[in-house]
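> one predicted model, sequence on top.
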Amino acid sequence: MTGWLVRILISAVALTLRWRQEDPTGQFAAPTPHPMLIAFWHNRIFLLPHLYINRWKSRCPRRIAALVSASTDGDKLAAILEQYGVICVRGSSSRRGREALREMTRLVLDGNDAAITPDGPRGPKYVVQPGVISLAQLTRAPIVPVSYTLSRKIVVNSWDNFMIPLPFARCLVRVGAPIWVPREADEPMRESKRIEVETALQTLSAEERNS
């Protein structure tokens, strides 16, 4: 299925969802003066482009860059993201890792936001890899953890248990407080920040008690 067809499908499903957002620190309440690194689990990619472009764009006037695996599956994802105007940087920990980090750093320093799936592209699921910490350290941009829960969904039998919302489901979007990584952070501090991001995303991803 081509990228524009998938975008139409995502938009059609998204229009039926009953949205609610919790953003206690106001990360998407008003335009921020600096770029941000939006971190979310790999299995929640489906709705994130729609959220950024259709629900947050007025508060995020910048473009957004996304790190996409340099693989065949990554080719398909890039074709979809490009339909939303996302700048796709190809690379992962196993292929073009250093080059991709340099490209993402340049794009953020040039004033673009960045979208990162810190447990992708191969997992383990819900385990944050150090790449997002390195990007935050190099750019001094805050990591903003984002997740959502769905009342009704299809869960794919994949390494990440990819989630596809069913029409008319309730979607609760949760936005965490920004996490900053000091430029001078040493390895113990980097690991502390990695755990902080991981814990924040796990907390934001917890199912609603009444869902």
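Sure, I can see it. Residues are numbered from 1 along each chain as shown.
> number of nearby residues for the closest residue to residue 162 other than its chain neighbours?
Nearest in space to residue 162, with sequence neighbours left out and distances taken as C-beta to C-beta, 6 or more residues apart in numbering, is residue 156 at 4.1 Å. For glycine as for every other residue, the C-beta is placed from the backbone atoms N, C-alpha and C. The local packing of residue 156 (other C-beta atoms under 10 Å) involves 12 other residues.
> also the one 10 residues further on?
A count of nearby residues for residue 166, using other C-beta under 10 Å, gives 13.
> next helix or strand past the lowest-mean-pLDDT helix or strand in the chain?
Within the chain, no helix or strand scores below helix 72-83, which has a mean of 89 by mean pLDDT, DSSP states H and E. Counting by DSSP states H and E, the next helix or strand C-terminal to helix 72-83 is strand 87-90.
> next helix or strand past that next one?
Assignment by DSSP H and E places the next element after strand 87-90 at helix 97-109.
> can you give me the buried ones in that next one?
100-101, 103-105, 107-108 (16 or more other C-beta atoms under 10 Å).
> so which of these comes closest to residue 160?
Of all the buried residues of helix 97-109, residue 100 has the smallest distance to residue 160: 19.6 Å, by C-beta to C-beta.
> show me what contacts residue 111?
35, 62 (C-beta atoms under 8 Å, 6 or more residues apart in numbering).
> confirm it sits in a helix?
No - according to DSSP: H, G, I helix; E, B strand; the rest coil, residue 111 belongs to no helix; its state is coil.
> report pLDDT for it.
Listed pLDDT for residue 111 reads 94.
> distance of it relative to residue 62?
Taking C-beta to C-beta, to the nearest Å as the measure, residue 111 falls 6 Å from residue 62.
> who touches both of the two?
With C-beta under 8 Å, 6+ apart as the test, residue 111 and residue 62 both reach residue 35.
> got the contact list for the lengthiest strand in the chain?
Secondary structure of the chain per DSSP state E: the longest strand is strand 143-150. Residues outside strand 143-150 that contact it (C-beta under 8 Å, 6+ apart) are 27, 36-41, 44, 47-48, 51, 116, 132-133, 136, 163, 165-166, 169-176, 178-181, 197, 200-201, 204-208, 211.
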